[in-house]
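Enquirer: attaching a predicted model along with its sequence, questions to come.
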Amino acid sequence: MNQLQLNLDRDYFICVGNTEPHKGRFVHQYETDPDMLAWSLLQPGEMPWWVYFPQSDVSQDDRAQIALRMADGLGAKYMQLKTTDRFGKTWVIQGLENARSIASVPSIEHYVDRFKGKPAIIVSPGPSLSKNLAQLPALADRVVIIAGTHSLTALHSVGITPDITMAADPGKHAHRIVGDLKGLALAAMVRHDYFDLPCEQAFTFAGNGRADAWLYGGLKEDAALPTGGSVSCSALSMAMKMGCNPIILVGQDLALTDGKYYAAESEDGDRTVGALPDGSFHVLSDGKPTTQNQRGVVVPGYHGGQVATSQSFQAFLVWFTAMAEKNTEFRMVNATEGGAYIQGMEHIPLSSVEFGEPFDKSLTVDFDANKRWGMLRKHLQSMLRAMTPCEFHVSAALKMHEEIVNGTRANDDVKHHEEMLSKLTNSMPIFALYSQSEFIESQVASANGDPMGVRRMMHLLQRSIGFFRGPLVEAIG
């Protein structure tokens, strides 16, 4: 599944897998611009099985460059797929548990262009944050300070509460966070206790593409924030959606700077990196490993040369690069002063960035919580109702497939049920989150005429319906 195969002598790239489909069959994406092709691969969503890319006018040298961009994009996409496989069920369950709370606060859509033309600083907990942490208090009333929860300890050490604290990790509990917050931006799939944190204004966003954007369908809101898998990626997308310009990054090392994992002032600031003879590494706390061994890679450094990093940091770096190169209307400044070089961004010290006058950073908005819950509840009820016909068509299709195998029924007889299932499941992406890898493999096998692929898909649907029905009923109340 993770093997990259690029066929540079034909008119398409085979991206994943080892079965060459016929031209025009199961074309997941069609793109003529190599940069846009690489960009599209970075977005949350399904892992493409293959991508059609006409190359009639592409030179051999350009093909090599495209191959590198594709490799980066597919590497990032594969990291996303692994994350979705790991957390998919959790995302859906926690999103349903949060449904009423999501309706009770505004979403990011209420803040489009809220700070248009105003600067934002995104504070990450990388080792180099120590270099410019002390400069932030003097800038606090002239910028929107955005930070993930892992940066709070460092910011509190210099007397700063971020204007917006972001939480997007579905696995971490909120009890680690102390003190009152200003703005609190919550991914729809976080643990429910985050909604109980004291703050001036909470709001939500969809941080995993279709994995949680489906919740906002009933609210008729676009709450999606493109992300590369890190809360700092979501923070950049949020700053852009709010209209912030310029957007400055600090503490965004994306590298294992000076053998450290986090800034000394941040949560887990004692974590160090232990290099192993085979080129891999693990993260240490008090000299003891806290993670499994990870393969190390090297990337261009902020100050030139090469710096060591992890595969996950490299995937985030690819995403930041694509965002900077695609969104040139935003001035993006990497003021980390260490770590990796992010192509497409300016690289200057924080002290060299000019800031304007103080401005109002209130996040108060008008919205009708009762109306929002009514809309979202109706959306969830329609999903629950759709499960019954899904079960009917799955059972009928499976029975007919057995008869087809036994030679007592024609293939065409089952098409009606398969077409109905396709319509029903396309409107409910939660089914694919039950096990995205299995769904994709079953889809591809089915598209290539493998009857077992269809059967696997039917059984997956049965299991996912059984798994999600109870939580859906509880969410509706």
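Expert: Perfect, I can see it now.

Enquirer: distance check, the closest residue to residue 280 other than its chain neighbours against residue 275.
Expert: Closest residue in space to residue 280, ignoring its immediate chain neighbours: residue 293 at 4.6 Å, by Cβ to Cβ, 6 or more residues apart in numbering. For every residue, glycine as well, the C-beta is placed using N, CA and C. Distance of residue 293 to residue 275, computed by Cβ to Cβ, to the nearest Å: 11 Å.

Enquirer: shared neighbours of those two, which are they?
Expert: residue 281 (Cβ atoms under 8 Å, 6 or more residues apart in numbering).

Enquirer: can you give me the helices for the stretch 151-300 of the chain?
Expert: With DSSP state H, counting those that start in this stretch as the criterion, the stretch 151-300 of the chain has helices at 152-156, 210-213, 231-241.

Enquirer: pretty sure the residue nearest to residue 280 contacts residue 284?
Expert: No: Residue 293 is beyond contact range of residue 284, at 11.8 Å (criterion: Cβ atoms under 8 Å).

Enquirer: which one of these two has more residues nearby?
Expert: residue 284 (17 against 13; other Cβ atoms under 10 Å).

Enquirer: next up, the contacts around the more buried one.
Expert: 271-274, 290.

Enquirer: counting neighbours, which of these comes out on top?
Expert: residue 273 (20 neighbours).

Enquirer: check contacts around that one.
Expert: Counting by Cβ under 8 Å, 6+ apart, residue 273 makes contact with 256, 259-261, 281-284.

Enquirer: now do residue 309
Expert: 254-256, 296-299, 317, 340.

Enquirer: what do you get for residue 208?
Expert: So residue 208 contacts 44, 84, 91, 187, 189, 227 (Cβ under 8 Å, 6+ apart).

Enquirer: pretty sure residue 470 sits in a strand.
Expert: No: looking at residue 470 with DSSP: H, G, I helix; E, B strand; the rest coil, it is helix, so not inside a strand.

Enquirer: show the pLDDT at it.
Expert: On pLDDT, residue 470 comes in at 94.

Enquirer: tally of neighbours for residue 248?
Expert: Residue 248: 27 neighbours (other Cβ under 10 Å).

Enquirer: can you tell me the closest non-neighbouring residue to residue 307?
Expert: residue 301 (4.0 Å).

Enquirer: burial of the one you found, as a residue count?
Expert: Neighbours around residue 301, by other Cβ under 10 Å: 17.

Enquirer: how close does residue 381 sit to residue 272?
Expert: According to Cβ to Cβ, residue 381 stands 51 Å off from residue 272.

Enquirer: and residue 430, by the same measure?
Expert: Separation of residue 430 from residue 272 (Cβ to Cβ): 40 Å.

Enquirer: again, but for residue 226
Expert: From residue 226 to residue 272 the distance is 32 Å (Cβ to Cβ).

Enquirer: for residue 177, same thing?
Expert: In terms of Cβ to Cβ, residue 177 sits 24 Å off from residue 272.

Enquirer: pLDDT added to the contacts of residue 284, as JSON lines?
Expert: Shown next, in JSON lines, are those (pLDDT from 0 to 100):
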{"residue": "271", "pLDDT": "86"}
{"residue": "272", "pLDDT": "83"}
{"residue": "273", "pLDDT": "84"}
{"residue": "274", "pLDDT": "79"}
{"residue": "290", "pLDDT": "73"}
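
Enquirer: domain-wise, how is the protein divided?
Expert: 12-88, 95-352, 369-476 (automatic domain parsing).

Enquirer: which one, of these, ends up nearest to residue 358?
Expert: domain 95-352 (4.1 Å; Cβ to Cβ).

Enquirer: can you give me the strands for the stretch 101-250 of the chain?
Expert: With DSSP state E, counting those that start in this stretch applied, the stretch 101-250 of the chain shows strands at 120-123, 144-148, 164-167, 181-187, 199-205, 247-250, listed in chain order.

Enquirer: got the ones you listed as CSV, with mean pLDDT and distance to residue 400 columns?
Expert: Below are these laid out as CSV (pLDDT from 0 to 100; distance: least, Cβ to Cβ, whole Å):
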stretch, mean pLDDT, distance to residue 400
strand 120-123, 98, 54
strand 144-148, 97, 51
strand 164-167, 96, 47
strand 181-187, 96, 41
strand 199-205, 97, 43
strand 247-250, 98, 55
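
Enquirer: tabulate those strands (JSON lines), appending distance to residue 218.
Expert: Listed next are the strands of the stretch 101-250 of the chain as JSON lines, based on distance: least, Cβ to Cβ, whole Å:
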{"stretch": "strand 120-123", "distance to residue 218": "30"}
{"stretch": "strand 144-148", "distance to residue 218": "28"}
{"stretch": "strand 164-167", "distance to residue 218": "23"}
{"stretch": "strand 181-187", "distance to residue 218": "18"}
{"stretch": "strand 199-205", "distance to residue 218": "14"}
{"stretch": "strand 247-250", "distance to residue 218": "31"}
